[in-house]
Every structure is written in structure tokens, then in C-alpha cells.
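Novice: here is my input; please provide its structure:
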Amino acid sequence: MTTALITGASSGLGEDIAKQLAERGLNLILVARRQAQLEALASSLADAHGITATPLACDLSDRTALNGLMAQVDTVLAAGGDTLTVLVNNAGTGFWAAFADQDLAGVQRDIDLNVTALTTLSHGFLQHARAHGQRSYLMNVASLAGILPTPRYAAYSGTKGYVRFFSEVLDYELRDSPISVTAACPGVVMTPFLDSAGQNVKKQTGIMTSPEVVRRCINAMYAGKVVYVPGLLNKFAIYTNLLPRRLRGWLLERSMLVSVEARPDASR
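Specialist: Predicted coordinates:
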């Protein structure tokens, strides 16, 4: 049985990715920090779709926990005789504020989760995929902010830019293999990420729903698209990269401020 490993699976995009892959009949290994939410989701998906869903609670920003995760995954796969053919690196964090005003420990956590964990798990997944030789898919959830450098998201944009370029290079290096790599680059999505990033929604201009973004991104993954931006407005926004740097920065900041505002109580 083919199995998908999904990080950040307890809510938002990750939860919807788990639901939609379960609908396709894949067994699941669900990873996030919150054990109770993972167990509830795993149970509901197993009951609804007749699949096996295994929750593995793990703080991926903790190097020790991260380094032990693939061994746990190997144990789960061996117990069920399953093959790992899909990895979705969805877990990620960011905080919307001027970089100099942010807590450095929080920024470091963003880097550890968005870059180090994603890179480590990608490497482990590729060892599995190369060993079994079956058609396999790696989807790294980047962001439109990884294409468009977004003011107040300096570290987040930087890490998501890494995810985008990392994914592009991996797909090229694996061009003669049955493994494809997709960098999914959504814009603003209605998920709990907005709250954790310290944002309140003012106006839903161009903000997409999580199930719709996930549906499009999963289809793009299976189609072998390397860099995928869901949503016509988001695709159009990419052309702001043709503008002078300072004008582009001003436009990106203003467009964000149309939709969201900083929560007065927001903190790391």
C-alpha cells in the first residue's frame, strides 16, 4: 500500500492535504506537535476512508526530535508493509512584523522548521523513493512570498525562497528518475497560520480557502508541475517582479495591508 507522510497535519493546509489524500486511498503518516489533534484526525480519516492513518507527534524545530523522526516512519512502514511514495513538507511558521522588532528566538524557529526540517525530511524521503523505485512525489509547501519578497515577512520570505529554489534544483537533479518535486506557492489562505503570524483579516481580497488551494496543489503535484501558484490573482501578482525594487516592495506591502492588519495582542 502506498503511504503519504504529511507534516503540519493537525490543522490548516496540512489537515486538508491529509483529508484529500485519504480520499484518494493513500495510507497516511501524520506529523505535527499536537498529539490530541493528530489522533482525532487520524481516527476520523481511517473510519471515513478505510485507510491506515498513523499520528506521530514531533516538534520538527527540535533537531533531536527531527533526526529521530525517519526511524519512527521506518517502523510504521515496516509494520504495515507499506511503501512511502508521497512526502508533503507542509509544516511552516512565520511572523508578520519588521524583522528588527521580532524576537530572534522566534525567527530561528522559523528557519529551523521552514528550512532545516524540510531539507532533512526531503533527504530521508528520497532515500526511500530511490530504493523502491516506484513513482513518487515530493511536495514542498513554499509561498507566494518565496517568489515576491514581502515586507514585514523578511525571514519568512527568505525561507520560502529557499524552499522554492531547493525544490526546483531537486526536480532537475531527479529528471531521469520516477520522482518529481513540486514547490507549491500559495498566496494568503484562510487558515490558522494567519492568527499565529499575528494577523487579523480585514478584507478577503484574493484570500483563498484551504480546501481549494489544497485541491489545486495536489493536482499540480500529481501532474509533475515544478513551481505552482494557485489562483489567477496570485499568478498575476508575480509580474510585479518586473517593477523597480522599491516600487515592488511598496506595492506588496500595500496589497497586504488591504487584506490584513496586525493583531494588537500578537506575540511569539
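Novice: so where do the helices sit in the protein?
Specialist: For the chain, the helices defined by DSSP state H occupy 12-23, 35-49, 63-80, 104-111, 118-132, 154-173, 193-196, 210-222, 232-237, 245-259.
Novice: deepest in the core, which of those is it.
Specialist: Ranked by mean neighbour count, the helices of the chain are led by helix 12-23 with a mean of 23 (mean count of other C-beta atoms under 10 Å). Placement of C-beta: from N, CA and C, glycine included.
Novice: if I pick residue 197, what's in contact with it?
Specialist: Shown in contact with residue 197 (C-beta atoms under 8 Å, 6 or more residues apart in numbering): 93-96, 156.
Novice: mean pLDDT lowest where, among the helices of the chain?
Specialist: In terms of mean pLDDT, the lowest-scoring of these is helix 193-196 (a mean of 82).
Novice: and for that one, what's in contact with it?
Specialist: Here helix 193-196 has contacts from 12-13, 92-95, 188, 200-201, 260, 263, using C-beta under 8 Å, 6+ apart.
Novice: got it, and stretch 153-168?
Specialist: 89, 92-96, 98-99, 102, 107, 110-111, 114-115, 118-119, 122, 138, 140-143, 145-150, 181-183, 185, 197, 226-227.
Novice: CA atoms only for it, dumped as CSV, please.
Specialist: In CSV, the C-alpha atoms belonging to stretch 153-168 read as follows (Å, rounded to 0.1, in the frame of the first residue of the first chain):
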residue,chain,number,x,y,z
TYR,A,153,7.9,38.9,6.2
ALA,A,154,11.7,39.1,5.8
ALA,A,155,12.7,35.8,7.4
TYR,A,156,9.5,34.0,6.1
SER,A,157,10.1,35.2,2.5
GLY,A,158,13.7,34.2,2.8
THR,A,159,13.0,30.7,4.0
LYS,A,160,10.2,30.2,1.4
GLY,A,161,12.5,31.4,-1.3
TYR,A,162,14.9,28.7,-0.2
VAL,A,163,12.1,26.1,-0.5
ARG,A,164,11.2,27.2,-4.0
PHE,A,165,14.8,27.1,-5.3
PHE,A,166,15.6,23.9,-3.4
SER,A,167,12.6,22.2,-5.0
GLU,A,168,13.5,23.4,-8.5
